[in-house]
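1. okay, predicted coordinates and the sequence, questions at the end:
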Amino acid sequence: MNKYLYSLVLFATPVLCTAQTGSSVPVKEGKEGIYIFLANQALHPRNTAYFFGGATISRAEGANGKMHEVARFKAAESLEAFRKITGDDAISFIKKLKKISDDAALWKYITTHHKIEEYGLLAMNPLFLEAMGACYIDRESKSLPGNTTLRYKIDFIPNQSATKPGAVEGSIITGVKPAIAKPVIEKMIENDSSIVVSWKSTVAASPDAIYGEIWRKKGNYGRYERVGLTLARKDDRQQSIIYSWHEVTEPNTQYYFYVLPTTLAGLPGPASDTASAISKSFAAIDQSSYMKATDTTHGIYLSWQPPQQVNLFAGLIVERSKINSARFEPLDTLAASATDYLDAHVLPNVLYHYRIRMISIRQNVLTVSAQTSATHKDEHLFMEAPENFRAVPKENGIALSWKKSSWPDVSGYYVYRAGNNNEWELVSNLVKDTVFTDSSVHDARMQYKYTVASVNYNNVNSEFATAAFARLNKTAPPAMPLGVLAAADGGRILLSWKDMRGNDELVSGYNIYRRKISTATQKTDRELNIEALKQNGFTKVNTQPSTEVTYTDVSAGAGLFEYAVTSVDAMANESNAYGSVIVTAAAIGYRAPADVSARKTSKGIEITWGASLQPGITQYQVYRRLSTEKAATLIGSVPVSQLSFIDTRAAAGQLYFYSLKVNAGNATSEASIEKGVRN
């Protein structure tokens, strides 16, 4: 595992083994400057098993700039110097990893064990690599403007009598954002004492991703904390990057996880979707059991025992099959607390098999909970089937008609319908007339199949009439989104809902509507069409229908908001919204830019700063004051894509103090730390 980690982090080894003039050395931009990865061992004269004891680093700015020496670099020469670079955490990590108790023994180990791969996860820590002399960090490069070409030359200092190697080179253009795509949740496994979450993105969209920082929040009111690192691992087909996290957890506890992908030099990419997990093994929960079937005059009556932990289930599905080996079809979805069901749509003398499947609160359909079989008894006597059966589409149903039977003991007729599964189901009570309108169908995009049978006074049915087909004569809206949920997190409002494409294959996306309200009692619990939404003050948030079943609203701001979601199909028909959800969003506390610097240039005083990663920021504002002034004055603003500003109006010889603020619409951060410079 350590060697695999190191092969990802330091791939400069082939260069240093040959050290041919013109070879390339890995150069990466990171949080503290430019990182130059030099070796897989400590570069220090005491490392007599290696060829090189240090390196001279030279740099040229621009494509035609002149090389000049910027550092003579080697590993730390004492434990104090080592600790000053890495900090106490790295020292503690090595002691724990190697079971070392005191500092003297630790320094002896470091000075005699030079291979980076022997230090586990520290191989992914650039500061540790710097202390070992394996990575040089050019911190001066942070003050250079973006889009600057930097060229580096490395002259390695040979150990003892080793032949002086040729120079190696590397180059980079500063300010280029990492090529990392936002990871999406791939799978989540919940157990009683552990949770496994994985995210993925494509290899082609994330070439700079090396590892991911895992952030976790416990419960609904906790704070996110960084809990570990995971590798950006490629799958066997080299098509996807997988970030996996396995954590031992407290039983029956809610957790939230997201991964922040990071480059080799520590620059972050976009954060992933948040995974919400409960440390509970839903597959092992006691479900409904002891299912029983009883034949009655009105159909087959089913009953069962409810589950003990009913609060962990969202519902249950009653399924039926005519043949035990055939596919089961759902009859109905009931509340998790339901204990019985009457199947009135049965044919006589047919063996039906029934089973129950529970739906967990994670919306997963679990394995079969209980099953049974039964037959609706009847005697078969010959009776002629109805003739001239017709089906005519109407706007609000299908009108069916047939010729009256000439048999004297016919008491009426039963109408049957088949959907996509081609299995007949009874859709009428006993019909005395020879016409029937099926008004229970609503899907205008489905072609329905109908038949009719005669029944006598002894409740004996005839054969089925020749089937007829019809489709509703109207345009039907797509299926409405169900299960809409909302939560506020760090200035964002996160929405999710059930994917209706499994119910309606023509659904192509979703629209999100929002309104600001004053009290939660205004929540809408009824079905609303688009006009009703607009009349109630809702406005559409997204510009294009979302193809995902989640949406992050960063434009709402602070306050109490109500949301509704509609479906859109491939013909641009929009569904109604089924109710709404209410969520409270707190105001975002915007932070001032960090790493502010100011320097005199030929064009004026140049101010630079580090990029803010907070959502919703629209611009940076630059302030200036003289040493004699107490309050700073706004002298300009730039968009978020720009991280520098040149003050061309600064007077010669004057001492100025500069600071910055971030602006996000109506919100502005506090001012940053001031930086002084004399023009």
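-> On my side now, so go ahead.
2. number of residues surrounding L231?
-> 20 (other C-beta atoms under 10 Å). Just so you know, the C-beta spots here come from the backbone N, C-alpha and C atoms, and that holds for glycine as well.
3. hmm, I typed the wrong one, I wanted K449.
-> K449 has 17 nearby residues by other C-beta under 10 Å.
4. would you agree it falls within a helix?
-> No: secondary structure of K449 (DSSP: H, G, I helix; E, B strand; the rest coil): strand, not part of a helix.
5. ok, the nearest residue to it once chain neighbours are set aside - contacts?
-> Residue nearest to K449 in three dimensions, not counting chain neighbours: A418, with 4.3 Å by C-beta to C-beta, 6 or more residues apart in numbering. Residues counted as contacts of A418 (C-beta atoms under 8 Å, 6 or more residues apart in numbering) are 424-425, 448-451, 467.
6. in PyMOL, select just the buried ones from these.
-> To isolate the buried ones among the contacts of A418 in PyMOL, judged by 16 or more other C-beta atoms under 10 Å, type:
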select buried, resi 424+425+448+449+450+451
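7. where's the residue nearest to K449 relative to A476, distance?
-> Between A418 and A476 the computed distance is 19 Å (C-beta to C-beta, to the nearest Å).
8. okay, the contacts of A418 in a markdown table with distance to Y413 next?
-> Output for those, formatted as a markdown table (distance: C-beta to C-beta, whole Å):
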| residue | distance to Y413 |
| --- | --- |
| W424 | 14 |
| E425 | 16 |
| Y448 | 18 |
| K449 | 17 |
| Y450 | 12 |
| T451 | 10 |
| A467 | 15 |
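9. tell me the domain boundaries of this protein?
-> Here the domain parsing of the chain from automatic domain parsing is 2-173, 184-280, 283-375, 390-470, 485-585, 597-678.
10. and the ones you listed as a markdown table, adding distance to M383 and mean pLDDT?
-> Listed next are these as a markdown table, based on distance: least, C-beta to C-beta, whole Å; pLDDT from 0 to 100:
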| stretch | distance to M383 | mean pLDDT |
| --- | --- | --- |
| domain 2-173 | 76 | 83 |
| domain 184-280 | 56 | 89 |
| domain 283-375 | 12 | 82 |
| domain 390-470 | 4 | 88 |
| domain 485-585 | 38 | 87 |
| domain 597-678 | 71 | 92 |
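11. make TSV from those and add distance to R591 to it.
-> Below are the domains of the chain laid out as TSV (distance: least, C-beta to C-beta, whole Å):
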stretch	distance to R591
domain 2-173	16
domain 184-280	16
domain 283-375	35
domain 390-470	51
domain 485-585	12
domain 597-678	6
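12. ok, which of those comes nearest E384?
-> domain 390-470 (6.1 Å; C-beta to C-beta).
13. and the closest one, end to end?
-> Criterion C-alpha to C-alpha, to the nearest Å; first-to-last residue distance in domain 390-470 is 9 Å.
14. so what's the residue count around G315?
-> 17.
15. tell me what it is bridged to.
-> Counting by DSSP bridges, G315 is bridged to I359.
16. change the start of the numbering to 57 and stick with it
-> Okay, using 57 as the starting number, the last item reads as G371.
17. and it, how far is that from R413?
-> 10 Å.
18. contact partners for the residue nearest in space to the middle of the chain?
-> The residue lying closest to the centre of the chain (C-alpha atoms, centre = their mean) is D329, at 2.4 Å. The contact partners of D329, taken as C-beta under 8 Å, 6+ apart, are 238-241, 255, 314, 606.
19. same thing but at 10 Å, please
-> 238-241, 255, 313-315, 550, 552, 604, 606, 608 (C-beta atoms under 10 Å, 6 or more residues apart in numbering).
20. pick the one among those closest to Y346.
-> Using C-beta to C-beta, S552 is the member of the contacts of D329 that lies nearest Y346, at 35.4 Å.
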